[in-house]
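**Q** Dropping the sequence and predicted coords here.
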Amino acid sequence: MGCASSLPDRNSGTLSGLSNSENAVPADAKNLRVKLVLLGDSGVGKSCIVLRFVRGQFDATSKVTVGASFLSQTIALQDSTTVKFEIWDTAGQERYSALAPLYYRGAGVAVIVYDITSPESFKKAQYWVKELQKHGSPDIVMALVGNKADLHEKREVPTEDGMELAEKNGMFFIETSAKTADNINQLFEEIGKRLPRPAPSS
Ligand SMILES: Nc1nc2c(ncn2[C@@H]2O[C@H](COP(=O)(O)OP(=O)(O)OP(=O)(O)O)[C@@H](O)[C@H]2O)c(=O)[nH]1
């Protein structure tokens, strides 16, 4: 039901392939590398966000994610820092929820996604915020994303609710549309700006 089948490395994640030791790992001051995990209810558009970011594509006719899938993408920020995102796109279906800690453990960034037309998905986002506060890395950068912003006539979660949840929990907040590409690159650029920089060596 989503973009997952369009992802080239779909479901390539194996437990042995997971590295939990790589937090926000600055390779050097100008080349950052970070493990990013996407969490959120099934169908909110996590795979579509990744596909839009990495490939510039949107596919309305593919399948749910099974387990998780992995992709990476490097961007350049305005200050000429580059950021390599190692992206774990987790499966939102309830049956996979026990796997989530394997993916968010050791992540430097967590992107929690909900669908602005679905109050249930917003509740699930609140659950993920709590879960990460309890079990994620203490210095994790967290972003809250209200996706499907193109469906404004079907909106059921006001922008203010997203802003409030994010503010209370020290998260960055943005509304996106994987369909129209609105704010997708901005989401990753803003995360990149918020990553901890290595202390300058003396
Ligand atoms: N209108 C609209 N539809 C979207 C958008 N993003 C995703 N969708 C649709 O939402 C459905 C689910 O998208 P996915 O990316 O598979 O959702 P997911 O969160 O990865 O779902 P799981 O793999 O089950 O966790 C698909 O039918 C997409 O076409 C968006 O920004 N706007």
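**A** Right, received. Where do you want to start? Note that the structure is predicted; figures quoted are calculated from it, not measured.
**Q** would residue 89 count as being in a strand?
**A** Yes - assignment of residue 89 by DSSP: H, G, I helix; E, B strand; the rest coil places it within a strand.
**Q** Show the contacting residues for it.
**A** The contact partners of residue 89, taken as Cβ atoms under 8 Å, 6 or more residues apart in numbering, are 4, 7, 38, 46-47, 50, 65, 68-71. Where C-beta positions appear, they are placed from N, C-alpha and C, glycine not excepted.
**Q** likewise residue 104?
**A** 37, 39, 110, 132, 135-136.
**Q** With adjacent residues omitted, what lies nearest to it?
**A** Leaving out its chain neighbours, the residue that sits closest to residue 104 by Cβ to Cβ, 6 or more residues apart in numbering is residue 37, at 4.7 Å.
**Q** Show me the contacts of residue 89 that map onto helices.
**A** When the contacts of residue 89 are checked against helices (DSSP state H), the matches are 46-47, 50.
**Q** need the longest helix for the protein.
**A** The longest helix of the chain (DSSP H) is helix 119-135.
**Q** from memory the residue nearest to residue 104 sits against residue 108, does it?
**A** No - using Cβ atoms under 8 Å, residue 37 makes no contact with residue 108, being 9.2 Å away.
**Q** about what we covered before: buried ones among the contacts of residue 104?
**A** Using 16 or more other Cβ atoms under 10 Å as the burial test, the contacts of residue 104 include 37, 39, 110, 132, 136 as buried.
**Q** need the contact list for the fourth one.
**A** Contacts for residue 132 were tallied using Cβ under 8 Å, 6+ apart; they are 39, 104, 110, 112, 140, 142.
**Q** Ok, the first one next?
**A** Residues touching residue 37, when contacts are defined by Cβ under 8 Å, 6+ apart, comprise 87-88, 90, 103-104, 107, 109-111.
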